[in-house]
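Q: I'd like to go over a predicted model; first the sequence, then the structure.
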Amino acid sequence: MSAFTPLDFVVLLVYLGGVTLWGAWLGRNQKSGTDYFLGNRDLPWWAVLLSVVATETSTLTFLSIPGVAYFGNLGFLQLTLGYLAGRTAVSFLLLPRYYEGELQTAYGLLENRFGTAARRTTSGIFMVTRLLADSVRLFATAIPLALITGWPYTLSIGVIGLLTLVYTYFGGIRAVVWVDVLQMALYLAGAAIAIAMLQTLIPGGWSAGLAAATVEGKLEWLNFSANPAITYTFWTGLIGGGIFSMASHGTDQLIVQRLLTCRNLKDSQKALIGSGFVVIAQFAIFLMVGIGLWAFYEARPFDVSDEIFAYFIIQELPSGVAGLLIAGVFAAAMSSLSSSINALASASAYDFWAPIAGAEGDEFRILRVGRVLTLVWALLLIGVAILYIPMSSDSTAVEVALTVASLVYGGFLGAFFLGIIDKGATQLGVIVGLLTGITSVTLLWVFGDGIVAWPWFTLIGGVITLAVGASASRARSRAKGAG
């Protein structure tokens with residue numbers, strides 16, 4: 001066994017220092033809020049595509065997905081079928097509406113249709129949910145740093161968060177996107193290196209490992225069960241995953257902000273649909289890493305599934321190579337964290353601060369306040385990640401983060417579609433429907449005792465939001481008519 005060596009530390013520190021300085025340098029010419037939060041709407045579609053993928057998968061892919069395959073099989077891959085279908089639907093149903101006007105956030109679309117209260121309600125819920133979900137992601141990244149240095153998770157989380165804050169604060173969305181491109185290339189290279197190294201480490205190589213995995217059913221990826229309590233089936237993947245992806249990529253500011261940086265609608269559609277194909281390949285790669293680890297460790301039990309790949313990197317890989325792969329872990333984490341910080345600051349500035357302060361259209365003031373909000377949200381993410389530490393052993397971080405997001409995505413998607421398909425929907429009706437949908441799914445999660453798996457939460461929440469929102473709108477209209 002090897003361990004993390006001085007050479008590995010040098011590789012890691014050079015990467016962290018270099019990417020932080022480069023990201024800060026990329027923001028040197030910013031003069032407005034549009035520059036800072038939307039890259040002056042002039043970023044190439046292929047860079048946005050890679051940024052979307054890096055943002056949504058990040059550390060959860062690098063660390064958690066191998067753990068999912070280690071303890072299970074390739075069934076998680078079924079979700080990617082829905083992810084592609086959902087993105088395609090968003091490209092033709094929602095993206096054209098975003099490009100009809102000069103919108104700065106996803107929730108400006110709801111203001112155009114319903115009013116300010118609808119925009120601020122959805123934006124506020126986005127902030128709370130994103131804070132919770134991405135704090136889990138930040139915690140997952142602290143795992144390898146803690147293993148390497150022996151630092152407590154608290155210090156590890158702080159170091160990662162503060163380094164990411166530097167280039168996000170100075171560089172804005174342009175730095176976030178371009179650093180994402182570099183970081184995605186690095187962590188995919190890390191996965192490829194791990195697969196190559198496993199060929200030499202698994203007794204008999206990959207052929208023997210895959211043969212053993214086949215016998216144990218670990219290469220199975222399709223499950224046509226109709227039981228809604230089973231998390232990974234073809235139906236939860238295609239339907240549940242599709243609805244989830246429509247919500248995450250059509251209503252979540254984290255992703256919509258990137259799509260609004262493209263030069264035009266066509267480029268935005270290419271970035272979004274293309275990201276679906278890349279995600280399928282990426283999940284397949286990291287699931288196979290998990291299968292290889294299972295073969296190498298001969299199904300050895302681990303207390304925390306998110307530690308398996310990190311442990312392998314630190315203990316088994318040659319000096320220098322381990323440093324490169326851990327840099328890949330940091331790349332994945334920083335891409336997701338920087339995206340969250342910038343999206344949260346964007347929503348805060350445009351959906352709340354600018355209208356209240358009477359600064360709409362004052363791009364210089366928005367730029368200055370946006371940087372302050374960037375600092376605030378970074379510190380909040382670090383703080384909540386530290387609070388997650390005592391609760392970290394029950395589930396993989398990827399499943400925790402996806403479950404938290406799924407609790408509100410149905411409400412968001414239902415609210416957006418009420419605005420599109422129901423001309424009689426009112427602002428009060430859509431807010432009532434949104435809150436009812438989110439509350440119902442949250443209660444189902446807390447008290448349902450596994451009756452329904454998380455990929456169905458978005459569909460259930462969306463249907464409830466649509467039904468209650470439409471009914472509440474008409475009840476209000478009838479009450480006015482009677483009065």
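A: Here it is on my side, so go on.
Q: now stretch 235-242, how far from the chain's geometric center?
A: Here the centre of stretch 235-242 is set off from its chain's centre by 18 Å, with Cα atoms, centre = their mean, to the nearest Å.
Q: helices along the stretch 151-300 of the chain, start to end?
A: 153-201, 205-215, 234-235, 241-250, 253-259, 265-297 (DSSP state H, counting those that start in this stretch).
Q: residue 374: which of those helices is closest?
A: Across those, residue 374 has its closest neighbour in helix 153-201 (5.1 Å, Cβ to Cβ). Where C-beta positions appear, they are placed from N, C-alpha and C, glycine not excepted.
Q: residue 171 versus residue 380, what's the distance?
A: Using Cβ to Cβ, to the nearest Å, we find residue 380 at a distance of 20 Å from residue 171.
Q: out of the helices of the stretch 151-300 of the chain, flag the one nearest residue 340.
A: The nearest among the helices of the stretch 151-300 of the chain, by Cβ to Cβ, is helix 253-259 at 6.3 Å.
Q: now for that closest one, which elements pack on it?
A: Packing partners of helix 253-259 (3 or more Cβ pairs under 8 Å, 6 or more residues apart in numbering; DSSP states H and E): helix 45-59, helix 95-98, helix 116-149, helix 153-201, helix 241-250, helix 265-297, helix 321-347.
Q: could I get those as CSV with mean pLDDT and mean neighbour count?
A: Converted to CSV, the helices and strands packed on helix 253-259 look like this (pLDDT from 0 to 100; neighbours: other Cβ atoms under 10 Å):
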stretch, mean pLDDT, mean neighbour count
helix 45-59, 87, 26
helix 95-98, 90, 18
helix 116-149, 84, 22
helix 153-201, 89, 21
helix 241-250, 91, 27
helix 265-297, 95, 21
helix 321-347, 83, 27
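Q: show the pLDDT at residue 74.
A: On pLDDT, residue 74 comes in at 94.
Q: whoops, residue 398 was the one
A: Residue 398 is assigned a pLDDT of 64 by the prediction.
Q: that older thread, can you lay out the helices of the stretch 151-300 of the chain as JSON lines showing distance to residue 34?
A: Below are these laid out as JSON lines (distance: least, Cβ to Cβ, whole Å):
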{"stretch": "helix 153-201", "distance to residue 34": "10"}
{"stretch": "helix 205-215", "distance to residue 34": "49"}
{"stretch": "helix 234-235", "distance to residue 34": "42"}
{"stretch": "helix 241-250", "distance to residue 34": "22"}
{"stretch": "helix 253-259", "distance to residue 34": "12"}
{"stretch": "helix 265-297", "distance to residue 34": "16"}
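Q: so which of those helices is nearest residue 113?
A: helix 241-250 (14.5 Å).
Q: who's in contact with the closest one?
A: 52, 56, 78-87, 89-90, 93-95, 106, 255-256, 259, 272, 276, 402, 405-406, 409-410, 412-413, 416, 455, 458-459, 462 (Cβ atoms under 8 Å, 6 or more residues apart in numbering).
Q: just how off-centre is that helix within its chain?
A: With Cα atoms, centre = their mean as the basis, helix 241-250 stands 12 Å off its chain's centre.
Q: just want the angle from that helix to helix 45-59.
A: Going by axes from the mean of the first three to the mean of the last three Cα atoms, to 10 degrees, helix 241-250 is angled at 120 degrees with respect to helix 45-59.
Q: ok, back up a step: among the helices of the stretch 151-300 of the chain, which comes closest to residue 332?
A: Of all the helices of the stretch 151-300 of the chain, helix 153-201 sits nearest to residue 332, with 4.6 Å by Cβ to Cβ.
Q: hang on, the earlier thing: which among the helices of the stretch 151-300 of the chain is found nearest to residue 39?
A: helix 153-201 (4.5 Å).
Q: among the contacts of helix 241-250, name the buried ones.
A: 52, 56, 78-87, 89-90, 94-95, 106, 255-256, 259, 272, 276, 402, 405-406, 409-410, 412-413, 416, 455, 458-459, 462 (16 or more other Cβ atoms under 10 Å).
Q: for the nearest residue to residue 43 once chain neighbours are set aside, give me its contacts.
A: In this structure, residue 43 finds its nearest non-sequential neighbour in residue 261, 4.4 Å apart by Cβ to Cβ, 6 or more residues apart in numbering. The contact partners of residue 261, by Cβ under 8 Å, 6+ apart, come to 38-39, 41-43, 48, 173, 177.
Q: now residue 261: phi and psi?
A: Dihedral pair for residue 261: phi -80, psi -10, per degrees, to the nearest 10.
Q: would you check how far apart it and residue 41 are?
A: Going from residue 261 to residue 41 by Cβ to Cβ gives 6 Å.
Q: can you check residue 279 too?
A: Residue 279 sits 24 Å away from residue 41, going by Cβ to Cβ.
Q: my guess is residue 175 meets residue 19, correct?
A: No - checked against Cβ atoms under 8 Å, the pair residue 175 and residue 19 is beyond contact range at 9.6 Å.
Q: if I look at these two, which residues touch both of them?
A: Common contacts of residue 175 and residue 19, defined by Cβ under 8 Å, 6+ apart, comprise residue 167.
Q: just to revisit the earlier point, what is the nearest of the contacts of residue 261 to residue 119?
A: Of all the contacts of residue 261, residue 38 has the smallest distance to residue 119: 17.3 Å, by Cβ to Cβ.
Q: just give the nearest non-adjacent residue to the closest one, would you?
A: Closest residue to residue 38 apart from its sequence neighbours, by Cβ to Cβ, 6+ apart: residue 261 at 5.3 Å.
Q: skipping adjacent residues, who's closest to residue 240 in space?
A: Distances taken as Cβ to Cβ, 6+ apart place residue 455 nearest to residue 240, at 3.2 Å, with adjacent residues excluded.
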